[in-house]
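**Student:** model the following, please.
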Amino acid sequence: MVVLFAAILLIIIHSILVIYIAPTFWNWELTPLQDSDCPKTVVCLNLRGLDPFLTTALPALLNQDYPNYDVIIVVDHPDDPVYELAEEVIKASNRNNVKLGVLKNRRETCSLVNSSLIQTIQNNLNDYEVVAMIDADAMPHKTWLRELIAPLLNKKIGAVNGQRWYFPPRANMGDLIRYLWNIAAVLQMIFFKIPWGGSLAIRIDVLQKCNVLDYYEKALVQDVPLFDILKKQGYTIEFAPSILMINRESVTLSSLVPWIQRQLLWAILYHSSWWKIVMHGMLVTLVPLLLLTLIATSTFLNQPFIAILATSSLIGYGVITLCQLLLLEYLVRRIVKKRNECTKWLNPLKVIAFFPAMILTQLLYPKALLFALFSRNIEWRGINYQIDAPLKVKMLNYEPYKIRARKNKNSSL
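**Tutor:** Numbering: from 1, shown residues only. Modelled structure (predicted):
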């Protein structure tokens, strides 16, 4: 009965998260930001390696419907092939609001991303009112920056962020597992106010008052720590549904697990609600496993009532979870359609494939969670970092990014 109660508890938790977040997706409204209200903004883009959709994302970033912004691109080494690509895109754009540079000081006490951000922000503190950040795998729509900045007019809001959502055209098993895992992650990130740096903006005065750069010098990521840093000074972080960023990349199973491990590790290292995320991960892992064990045991002991009850619970959990994710998918599509972006990727065959993908997700999750809890080393785009404490990290090696063979040109790095 304890197992059945745990299954019901898990369904209730997921339902609470969906009920909490669904109205935000449903009732979102664009807040038109007049040109006169647009603060001068610098957009930071840090590049390492050739992300598959960069040739489309870069022009979109340089042609935002925003009157007063500059883009500063930092590549960690001039020999990285992405440097030449960025030069070509900039030249073709004929835009004069973009600068391309190389990382000059690779700090050993933080990640390359943070080193790049520190360089960009320190060199431009007095020139801008807002710093925006975007990932190389994020595809900004025309009004992305205007919608991202709008909530910052409220002085109680220190930072604004979107979240990432996957529309994988191929939808192989790796893609489906990442899609499913990401939905659960997005729900928790919105509920616990865990910011995502792939689409994020922070006011310069907040950044200075909260000494954010001091944290960046010692941390691996720029986004997750912001919630607790800003909260201490009385600022909130706003989630803006209209700037959900659609990712259409593909992923292999072999590269998916390290990616999940990193996402969990960032939360465990840098967010005060990390233990709640871990508890949820353990519950999600154990409940289906224990239900399967109960089904097998009760069948072997000839206890049909318990076997039927456990089987019904497991099927019910799977069906309810599927209905919840399809509801969220529908709500996200409503937002994306408003931007005239393609939303067609899901079909009945892929929905059926969700069930084996759910099972595989349950099998992969424990490994990723254990790694995030106990690992003291992490590899991130070819760079190894040693983690002695959240704010005591060390870059163990450095080399320019090397192009890796990919069967699919749209595969994530």
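**Student:** show me the strands in the stretch 301-413 of the chain, by range?
**Tutor:** 377-380, 383-389, 392-395 (DSSP state E, counting those that start in this stretch).
**Student:** need those in a markdown table with distance to residue 146, can you?
**Tutor:** C-beta coordinates here come from the backbone N, C-alpha and C atoms, glycine included. Below are the strands of the stretch 301-413 of the chain laid out as a markdown table (distance: least, CB to CB, whole Å):
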| stretch | distance to residue 146 |
| --- | --- |
| strand 377-380 | 31 |
| strand 383-389 | 34 |
| strand 392-395 | 35 |
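**Student:** any chance of the ones you listed in TSV, plus distance to residue 31, mean neighbour count and mean pLDDT?
**Tutor:** Putting the strands of the stretch 301-413 of the chain into TSV (distance: least, CB to CB, whole Å; neighbours: other CB atoms under 10 Å; pLDDT from 0 to 100) gives the following:
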stretch	distance to residue 31	mean neighbour count	mean pLDDT
strand 377-380	35	16	93
strand 383-389	39	14	96
strand 392-395	38	17	96
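**Student:** any low-confidence regions in the stretch 301-413 of the chain?
**Tutor:** Low-confidence segments of the stretch 301-413 of the chain (pLDDT under 70): 405-407.
**Student:** pLDDT weak spots in the chain?
**Tutor:** For the chain (pLDDT under 70), the answer is 1, 405-407.
**Student:** all helices in the stretch 301-413 of the chain, in order from the N-terminus.
**Tutor:** For the stretch 301-413 of the chain, helices defined by DSSP state H, counting those that start in this stretch occupy the ranges 304-338, 348-374.
**Student:** check the chain too.
**Tutor:** Assignment of helices within the chain using DSSP state H yields the ranges 2-26, 54-62, 81-93, 112-122, 144-149, 173-191, 204-209, 212-216, 226-231, 253-270, 274-300, 304-338, 348-374.
**Student:** winner for burial among the ones you listed?
**Tutor:** helix 144-149 (a mean of 26; mean count of other CB atoms under 10 Å).
**Student:** helices and strands around that one, which ones?
**Tutor:** Contact here means 3 or more CB pairs under 8 Å, 6 or more residues apart in numbering; DSSP states H and E; on that basis helix 144-149 packs against strand 41-47, strand 130-134, strand 199-203.
**Student:** name the residues that touch it?
**Tutor:** Applying CB atoms under 8 Å, 6 or more residues apart in numbering, the contact partners of helix 144-149 are 30-31, 33, 38-39, 41, 43, 64-66, 69, 130, 132, 160, 162, 199-201, 240, 242-243.
**Student:** narrow these to just the buried residues.
**Tutor:** Among these, those scoring as buried are 33, 38-39, 41, 43, 64, 66, 69, 130, 132, 160, 162, 199-201, 240, 242-243 (criterion: 16 or more other CB atoms under 10 Å).
**Student:** where's the nearest residue to residue 265 once chain neighbours are set aside relative to residue 89, distance?
**Tutor:** Nearest non-adjacent residue to residue 265, counting by CB to CB, 6 or more residues apart in numbering: residue 372, 4.2 Å away. The gap separating residue 372 from residue 89 is 35 Å, by CB to CB, to the nearest Å.
**Student:** got the contact list for residue 76?
**Tutor:** Contacts of residue 76 (CB under 8 Å, 6+ apart): 46, 47, 48, 102, 103, 106, 112, 115, 116, 400, 401.
**Student:** neighbour-wise, which of those leads?
**Tutor:** In terms of neighbours by other CB atoms under 10 Å, the contacts of residue 76 top out with residue 116 at 29 neighbours.
**Student:** that residue reaches residue 44, doesn't it?
**Tutor:** Yes: contact criterion CB atoms under 8 Å: residue 116 and residue 44 qualify, at 7.4 Å.
**Student:** any common contacting residues for the two?
**Tutor:** residue 74.
**Student:** would you turn the helices of the stretch 301-413 of the chain into a markdown table with distance to residue 277?
**Tutor:** Shown next, in a markdown table, are those (distance: least, CB to CB, whole Å):
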| stretch | distance to residue 277 |
| --- | --- |
| helix 304-338 | 18 |
| helix 348-374 | 9 |
